[in-house]
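# Need coordinates for the below:
(one chain, ligands or ions: 2)
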Amino acid sequence: MPAPKRKPAATVPSAPAANTRASKLEKLGLRSDMDLVLHLPLRYEDETEIVTIQQAGMMGTSVAQVEGVVTACDIQYRPRRQLIVTIADDSGQLVMRFLNFYGSQTKQLAVGTRVRARGEIRHGFFGAEVVHPNYKVVLEGAPLPDVLTPVYPAGEGLSQAFLRKAIADAMQHIEWRDTLSPAQLAAQQLTPFESAVRLLHNPPPDVDEHALEDRSHPAWVRMKFDELLAQQLSLKRAQVARRAKNARALPVAGQLSAAFLNTLPFTLTKAQQRVVAEISTDLRASFPMQRLLQGDVGSGKTVVAALAAAQAIDSGYQAVLMAPTEILADQHFRKIAAWMEPLGVRVAWLTGSLKKKEKLAAQAMIESGEAQLVIGTHALIQDSVQFAKLGLVIVDEQHRFGVGQRLALRNKTTSENGGNETVQDIKSTAAVVPHQLMMSATPIPRTLAMTYYADLEISVIDELPPGRTPIVTRAVDQMRRDEVIARVHAAVQDGRQAYWVCPLIEESEALQLQTATETYAMLVEALPDLRVGLVHGRLKQAEKQEVMDAFSAGACHVLVATTVIEVGVDVPNASLMVIEHAERFGLSQLHQLRGRVGRGSAASVCLLLYQSPLGYIAKQRLMTMRETTDGFEIARRDLEIRGPGEFLGARQSGQAMLRFADLTTDQWLVDRARDLAQTLLQDPTPANQAAVSAHLARWLGGREDFLKV
Ligand code: ADP
Ligand code: MG
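Ligands and ions are numbered 1, 2, ... in the order given. Sure, this is the predicted structure:
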């Protein structure tokens, strides 16, 4: 039994209150007065009216505000600990249920207290009820507000009242000048900046509530337009800046490329040929390529990457390929080395798990230029790795790397005369920047890619290699696990192999590991005549490799895995994929996982085990998975289900995320903003250039850097 943990002594002094407030604001990205002013309401609450409890119950599920006096306040334990408060007005009574509450709330809501409560009031079996209402304690006859109450996005520990006051203060200090001229406003039929902002923070009593709520109100349109304009301006500026930078032209798609194409056991698909040509053209330029190669899982991006590398090598430069996991890097290394080494190319391998001596040897090869192609993990971006003449950087599954990691690799290049350049040199325009190819199997809808990623060209492989059989996907209640196990058994009897993916447990890696081990034990017991393997993130690299090798070789029939197999694993004989607790995975993850099967000629099946009852979003996701295997369609639906805000994840997109514009509904505004950005940047008059700078400063502040990758 583990020893009981001792409480750590409280040694960290608590910071002064003002400081923590500032840092909480900072967490929301609110540094300047203008940031605060542009911190616009998430939604509005209509507290201008009170209805009787009886009326509220008749309104169906819409939100209502009632006022009553507390008649009972108890903590109950069935089915779980909760606070039950009953209030009554002349028309009836309402039960308020709090599943999370503070002990002090029982005092605050003592019998006899008058409260205003607002929430979704339902009439159930036991009468009117509301779960987690917003409420406040009031005196009898307290006046009602006559305007809508804004609700701001708030971090933990920041109250609405505090934000409201901070924003009101900031509004007195900022300079309100409009960054668009009256002529431009008229041409675009836009509301002036100041009146738009003021209206959104303090909507007048007669405002069109629906337009405010669904953000179609002209005041919202102005904000969205401004935001999109800033993005388009900075995107176009980044493009101009990139073209002014120097890269090594890699003009030769020569002997190596030709020999490589000859040795491939297949011919490239039309789509592969097209993207290879696009990349090849970019590599010939003397300014850096920045291209995203999108292709669904299994579409054959690796060959395209290898061909790009061949062009760099043919031109006398080094190429590097970085992958997010050792398993994936290893797979690339084996595959590409098997293609390239017979053609005389020196391929180096560098990951964190290498022994010190091997690492030094690899570094020496890279530094001397002997290694023409380098493949590895993020170990490649360490300071000790220096390239002799790096011409091309390829990043696989680029969305798995942070912005900083990608930048670090791009910044690794050495000057022509052999002296090592520092990051500082690279930033100056005289320095030489490598071409960059990023690859992703998480298809990002084009509109999204164009608005979120700054200056990025996009190539799409929209066709799978021939001979693939479509994957049949089924959602199965986990109560029917036995049938699923029987299916696994049958598949192996047919000479196939299967993946069994363990549930994702985001909160706890330890728990995830435990579940994986349990699932493994369960399958070992249920399938005594089969060989079952287990691979998870905590295994040592060599152990992982051993399991993966056994599975690749067909010596292991069923591979139990955590999501470490999410990317890149390629075992064509595996034709059955079971995903446990599929309801916990996001759509793109499910799609990636499913992409591990359907790689050979056998008909493949993906079984999504779920636990009922399913929530709305989970249901939509599983339905989507059943209906389509097209990654782009899945991405489109994902965008619909989740909205762009969550699509790329905050980490991925940094602060570049759009806050107000919604790409599913505001495409028309994107187009208009793009046109105006074009016009503005073409007009060289100082007044106009100053307006452009002012607009960018207002909307992006110091955050423009995030847009540069
Ligand atoms: P991904 O785009 O998911 O990285 P891979 O590059 O791993 O896909 O390719 C998947 C599989 O398809 C590999 O086994 C690869 O060798 C094969 N492949 C790639 N291109 C073709 C092609 N044109 N014809 C047949 N097979 C191909
Ligand atoms: Mg791949």
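# This protein against ligand 1: which residues are in contact?
Residues of the chain lying close to ligand 1 (CB under 6 Å from any ligand atom) are 266, 268-269, 272, 295, 297-303, 441, 465, 570. Quick note: C-beta positions are derived from backbone N, CA and C, even for glycine.
# Now list the buried members of these.
Using 16 or more other CB atoms under 10 Å as the burial test, these include 268-269, 272, 295, 297-303, 441, 465 as buried.
# circling back to that earlier point, looking at the residues of the chain next to ligand 1, which are in helices?
Members of the residues of the chain next to ligand 1 lying in helices (criterion: DSSP state H): Gln272, Lys301, Thr302, Val303.
# is it possible to export the buried ones among the residues of the chain next to ligand 1 to CSV including distance to Gly615 and pLDDT?
Below are those laid out as CSV (distance: CB to CB, whole Å; pLDDT from 0 to 100):
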residue, distance to Gly615, pLDDT
Leu268, 43, 96
Thr269, 39, 96
Gln272, 39, 97
Gly295, 31, 88
Val297, 26, 79
Gly298, 30, 82
Ser299, 32, 89
Gly300, 36, 92
Lys301, 34, 94
Thr302, 37, 93
Val303, 40, 95
Ala441, 27, 78
Pro465, 37, 89
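# Please go through this protein and pick out the longest helix.
The chain, longest helix under DSSP H: helix 218-244.
# contacting residues around the residue in the stretch 101-250 of the chain positioned nearest to ligand 1?
With CB to the nearest ligand atom, the shortest gap between the stretch 101-250 of the chain and ligand 1 falls at Leu250, namely 21.6 Å. Leu250 makes contact with Leu283, Arg284, Gln311, Ala312, Asp314, Ser315, Tyr317, Gly391, Leu392, His435, according to CB atoms under 8 Å, 6 or more residues apart in numbering.
# Could you identify the most distant pair in those?
Pairwise distances across those peak at 13.7 Å for Asp314 and His435 (criterion: CB to CB).
# quick one: which of these two has more around it?
Neighbour totals were compared for Asp314 and His435, and His435 leads with 29 against 20 (other CB atoms under 10 Å).
# So the closest residue to that one other than its chain neighbours versus Ser459, what's the distance?
The shortest distance from His435 to any non-neighbouring residue, by CB to CB, 6 or more residues apart in numbering, is to Met289 (3.9 Å). Distance of Met289 to Ser459, computed by CB to CB, to the nearest Å: 10 Å.
# Need the residues touching each of these two.
By CB under 8 Å, 6+ apart, the residues touching both Met289 and Ser459 are Ile279.
# Run through the strands of the stretch 351-500 of the chain in chain order.
373-376, 390-395, 435-440, 457-461, 471-477, 497-501 (DSSP state E, counting those that start in this stretch).
# For the longest one, which strands pair with it and how are they oriented?
The strands that strand 471-477 pairs with in its sheet are strand 604-610 (parallel) (by DSSP bridges).
# Show me the contact partners of the strand it pairs with.
So strand 604-610 is contacted by 469-478, 481, 484, 487, 491, 575-583, 590, 594, 597-598, 618, 622, 625-626 (CB under 8 Å, 6+ apart).
# So which of those are in helices?
Short answer: these in helices (DSSP H) are Arg481, Val484, Arg487, Ala491, Leu590, Arg594, Ala618, Leu622, Met625, Arg626.
# Give me the neighbour count for Met522.
By other CB under 10 Å, 15 other residues sit near Met522.
# Okay, it and Leu40: tell me how far apart.
For Met522, the distance to Leu40 - CB to CB - is 51 Å.
# One more: Asp169?
Following CB to CB, the distance that separates Asp169 from Leu40 is 16 Å.
# more crowded one of these two?
Leu40 (19 against 12).
# Doesn't the more buried one belong to a helix?
No. Per DSSP: H, G, I helix; E, B strand; the rest coil, Leu40 lies outside any helix segment and is coil.
# pretty sure it contacts Phe660?
Yes. Between Leu40 and Phe660 there is a contact under CB atoms under 8 Å: 6.7 Å.
# Going through the contacts of strand 604-610, which ones are buried?
So, by 16+ other CB under 10 Å, the buried ones in the contacts of strand 604-610 are 471, 473, 475-476, 478, 484, 487, 491, 575-583, 590, 594, 597-598, 618, 622, 625.
# His217 reaches Ala211, doesn't it?
Yes. Proximity of His217 to Ala211 meets the contact threshold set by CB under 8 Å, at 3.8 Å.
# Neighbour count: those two, which is higher?
His217 (21 against 14).
# So in terms of bridging, what pairs with Ser459?
Under the criterion used (DSSP bridges), Ser459 bridges to Leu293.
# ok, now which ones touch it?
Contacts of Ser459 by CB under 8 Å, 6+ apart are Arg274, Val275, Glu278, Ile279, Arg291, Leu292, Leu293, Gln294.
# same thing but at 6 Å, please
Val275, Glu278, Arg291, Leu293 (CB atoms under 6 Å, 6 or more residues apart in numbering).
# try Leu523
Leu523 neighbours (CB under 6 Å, 6+ apart): Val532.
# Against ligand 1, how distant is it?
27 Å (CB to the nearest ligand atom, to the nearest Å).
# ok so that residue is a helix residue?
Yes. Leu523 forms part of a helix when assessed by three-state DSSP.
# out of the contacts of Ser459, who's nearest ligand 1?
Closest to ligand 1, out of all of the contacts of Ser459 and judged by CB to the nearest ligand atom, is Leu293, at 8.8 Å.
# from memory the closest one sits against Met439, does it?
Yes. Using CB atoms under 6 Å, Leu293 is in contact with Met439, at 4.6 Å.
# tally of neighbours for Ala526?
Neighbours around Ala526, by other CB under 10 Å: 15.
# I meant to write Pro41 there.
So Pro41, with other CB under 10 Å, has 21 neighbours.
# Surely it touches Pro150?
Yes. With contacts counted by CB under 6 Å, Pro41 reaches Pro150, the gap being 3.6 Å.
# nearest spatial neighbour of Ala364, skipping sequence neighbours?
Excluding its sequence neighbours, the residue lying closest to Ala364 (CB to CB, 6+ apart) is Glu370, at 8.0 Å.
# in this protein, which helix or strand is least confident?
helix 650-653 (a mean of 35; mean pLDDT, DSSP states H and E).
# ok and the helix or strand that that one is followed by relative to helix 218-244, angle-wise?
Next helix or strand after helix 650-653 toward the C-terminus (DSSP states H and E): helix 667-682. Relative orientation of helix 667-682 versus helix 218-244 (axes from the mean of the first three to the mean of the last three CA atoms, to 10 degrees): 50 degrees.
# Mind listing what's buried along helix 667-682?
Leu669, Val670, Arg672, Ala673, Arg674, Leu676, Ala677, Leu680, Leu681.
# Show me which of those residues is closest to Gln93.
Once CB to CB is applied, the member of those that ends up nearest Gln93 is Leu669, at 48.0 Å.
# For Arg222, give me the pLDDT.
pLDDT for Arg222: 97.
# I misspoke; the intended subject was Thr422.
39.
# CSV for the strands of the stretch 351-500 of the chain, including mean pLDDT?
Shown next, in CSV, are the strands of the stretch 351-500 of the chain (pLDDT from 0 to 100):
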stretch, mean pLDDT
strand 373-376, 96
strand 390-395, 94
strand 435-440, 90
strand 457-461, 88
strand 471-477, 94
strand 497-501, 95
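# Now do the contacts for Val492.
With CB under 6 Å, 6+ apart, Val492 has these contacts: Leu530, His557.
# For the stretch 1-150 of the chain, give the residue positioned nearest to ligand 1.
Counting by CB to the nearest ligand atom, the stretch 1-150 of the chain gets nearest ligand 1 through Gly29, at 35.3 Å.
# Kindly report the domain assignment for the protein.
2-43+153-207, 49-144, 255-461, 471-628 (automatic domain parsing).
# which outside residues touch stretch 289-309?
272, 275-276, 279, 282, 319, 336, 373, 394, 435-441, 443, 456-461, 464-465, 592, 595, 599, 631.
# Report how far apart the opening and closing residues of that stretch are.
13 Å (CA to CA, to the nearest Å).
# ok now that stretch, how far from the chain's centre?
Centroid displacement of stretch 289-309 relative to its chain, using CA atoms, centre = their mean, to the nearest Å, is 21 Å.
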